[in-house]
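*Asks:* give me the fold of what follows.
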Amino acid sequence: MEKLKQTLGMISALDQEAMTKTRSRVDSLIKPPGSLGRLEDLAVQLAGITKKTYPSVDNKVVIVMSADHGVYQEKVTPNPQVVTAIQTPNFAKGVTGVCAFAKQAGAEVIIVDIGVAVDIDHPGVLQRKIRYGTSNMAEGPAMSREEAIRALEIGIEVAEEQIKTGKNLIGTGEMGIGNTTPSAAIVAVMGNYDPFEVVGIGAGLAADQLDHKANVIRKAISQNQPNPHDPIDVLSKVGGFEIGGMAGTMLAAAAHGVPVVVDGFISTAAAIIACAIEPKVKDYLIPSHCSAEKGGKTALDLIGLQPMFDMGMRLGEGSGAAIAFNIVEAATYMVKEMITFEEAGIAL
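*Replies:* This next block holds a predicted model:
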């Protein structure tokens, strides 16, 4: 708990002076005012996060948290749970979807076993296992409060390790069969939605099984009574270890002035937890895409984030974040590489 408290105490508001200076430069660049749209706002946000008029995000990493879920027992997904264990080493091998996009963006991928149901024997997988998957949230809390805090702190620790190596742009990713169920549960609790409003097909659940998935979430909420005013309570009762890890990553990045690119539905559920723990975190988050998962837009709306693109993606892994890295870095090149009207010798 001490690590979490220390991190929260380090999170401050964005640097207004840097933002003002960058906004002034962006408004003076040799282009029609506002013609680069949200890219201009993104450049200003990056200045506020990094406290630099000319921010750089040239050392990028996607941190992928991998864990299993006891709620798998409720048949909320058609895929075997062993897929989590099979896929986790593939991130270290560089052959998953997010790895392909990260290579194109010049980013590293770090994979963390924070709660896979079996031991993962691969030197490229960071071993931070809390235990072998969460408990079945339909029968009781997914984890203890202490385990929820540990998940957050593992996310903080892993992010800080990356920041110490010079990483200046972080993307959040995850792996965990069944993890759209706890994500939908978090959104339902924090937004006071009926689970059916935010439950989707995940990795390929048949549409006629969505009622069952929603009913499992209703049962979990009824059984555990998560408190929407206590995000750690929500995480512990209906969340997942990888969701807590991603939320911790966001907290650490905010504490150290590093922008975080949020992936899809599951990452957004983690962002909801992080922002509820410390509302200032929102200003450090950059949403990548609107997930095709049914609750994707609702989750983003819940914390007031507007995605950069919508391509019907729902892979997860951090894939959307890796693609968005290119857009984020483009904003910094706009500030550094374009000249102003004055520098061009044009008087307005």
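
*Asks:* now stretch 286-301: mean pLDDT?
*Replies:* Per-region confidence: stretch 286-301 scores 97 on mean pLDDT.

*Asks:* do the same with stretch 3-20
*Replies:* The average pLDDT within stretch 3-20 is 98.

*Asks:* same check, this time on stretch 186-205
*Replies:* The average pLDDT within stretch 186-205 is 94.

*Asks:* start to end distance for it?
*Replies:* One end of stretch 186-205 to the other measures 19 Å (C-alpha to C-alpha, to the nearest Å).

*Asks:* mind listing the helices for the stretch 151-300 of the chain?
*Replies:* Taking DSSP state H, counting those that start in this stretch, the helices of the stretch 151-300 of the chain run over residues 180-191, 195-198, 210-224, 231-238, 241-255, 265-277, 296-303.

*Asks:* got CSV for the ones you listed, with mean neighbour count too?
*Replies:* C-beta coordinates here come from the backbone N, C-alpha and C atoms, glycine included. Below are the helices of the stretch 151-300 of the chain laid out as CSV (neighbours: other C-beta atoms under 10 Å):
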stretch, mean neighbour count
helix 180-191, 28
helix 195-198, 20
helix 210-224, 19
helix 231-238, 25
helix 241-255, 32
helix 265-277, 28
helix 296-303, 21
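
*Asks:* quick one: which of those helices is nearest residue 149?
*Replies:* Of all the helices of the stretch 151-300 of the chain, it is helix 231-238 that lies closest to residue 149, at 6.5 Å by C-beta to C-beta.

*Asks:* just checking, what packs against that closest one?
*Replies:* With contacts taken as 3 or more C-beta pairs under 8 Å, 6 or more residues apart in numbering; DSSP states H and E, helix 231-238 sits against helix 145-164, helix 180-191, helix 210-224, helix 241-255, helix 265-277.

*Asks:* what residues does that helix touch?
*Replies:* Residues outside helix 231-238 that contact it (C-beta atoms under 8 Å, 6 or more residues apart in numbering): 137, 141-145, 147-149, 151-152, 182, 185-186, 189-190, 217, 220-221, 224-228, 243-244, 247, 272-273, 276-277.

*Asks:* would you quantify the distance from residue 218 to residue 201?
*Replies:* Here residue 218 is placed at a distance of 18 Å from residue 201 (C-beta to C-beta, to the nearest Å).
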